[in-house]
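> coords please:
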Amino acid sequence: MCCPFSIKLRASQDGDKLIVTSVNDEHNHDVSEATFRHLPHQRKMNAQQKEQVKTMLQMNANKKLVQQHIRKETG
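Here you go, the predicted structure:
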């Protein structure tokens with residue numbers, strides 16, 4: 001479908017929060033609650049994964065590698 005909608009985030013300096021850096025709220029398809037209910041579950045990090053990310057960011061780990069790792073873990 002290649003929908004252009006996107007939200008870009010970055011970690012705060014302390015790694016405790018996410019900061020929105022840009023939003024593109026354009027869609028190239030219908031947007032409705034009924035359609036949303038049929039989408040697969042969104043990625044969610046459990047408490048252990050959140051702590052792992054926080055630790056990696058506090059250790060100044062490469063943010064792109066951290067992102068790739070979490071995407072792989074959360075499907």
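> I figured residue 27 hits residue 3, correct?
Yes: using C-beta atoms under 8 Å, residue 27 is in contact with residue 3, at 5.6 Å. Quick note: C-beta positions are derived from backbone N, CA and C, even for glycine.
> which residues touch residue 63?
10-11, 57 (C-beta atoms under 8 Å, 6 or more residues apart in numbering).
> What's the ChimeraX line that selects buried ones from those residues?
A single ChimeraX command selects the buried members of those (16 or more other C-beta atoms under 10 Å):
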select :11,57
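> from the contacts of residue 63, which ones fall inside helices?
residue 57 (DSSP state H).
> could the contacts of residue 63 be laid out in JSON lines, adding pLDDT?
Output for the contacts of residue 63, formatted as JSON lines (pLDDT from 0 to 100):
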{"residue": "10", "pLDDT": "92"}
{"residue": "11", "pLDDT": "91"}
{"residue": "57", "pLDDT": "91"}
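> Turn the contacts of residue 63 into CSV, including distance to residue 37.
Shown next, in CSV, are the contacts of residue 63 (distance: C-beta to C-beta, whole Å):
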residue, distance to residue 37
10, 30
11, 31
57, 34
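> quick check, nearest of the contacts of residue 63 to residue 32?
residue 10 (30.4 Å; C-beta to C-beta).
> Give me the residue ranges of this protein where confidence is low.
Filtered on pLDDT under 70, the chain yields the residue ranges 1, 40-43, 75.
> Helices along this protein, start to end?
With DSSP H as the criterion, the chain has helices spanning 33-37, 47-58, 63-74.
> ok, and for the last one, which residues are buried?
It refers to helix 63-74. Neighbour-count burial for helix 63-74, counted by 16+ other C-beta under 10 Å, picks out 66, 69-70.
> Let me know the angle separating it from helix 47-58.
170 degrees (axes from the mean of the first three to the mean of the last three C-alpha atoms, to 10 degrees).
> From the chain's centroid, how far away is helix 63-74?
On the basis of C-alpha atoms, centre = their mean, to the nearest Å, helix 63-74 sits 10 Å off its chain's mean C-alpha point.
> now for the helices of the chain, which one comes closest to residue 22?
Of these, nearest to residue 22 by C-beta to C-beta is helix 63-74, at 15.8 Å.
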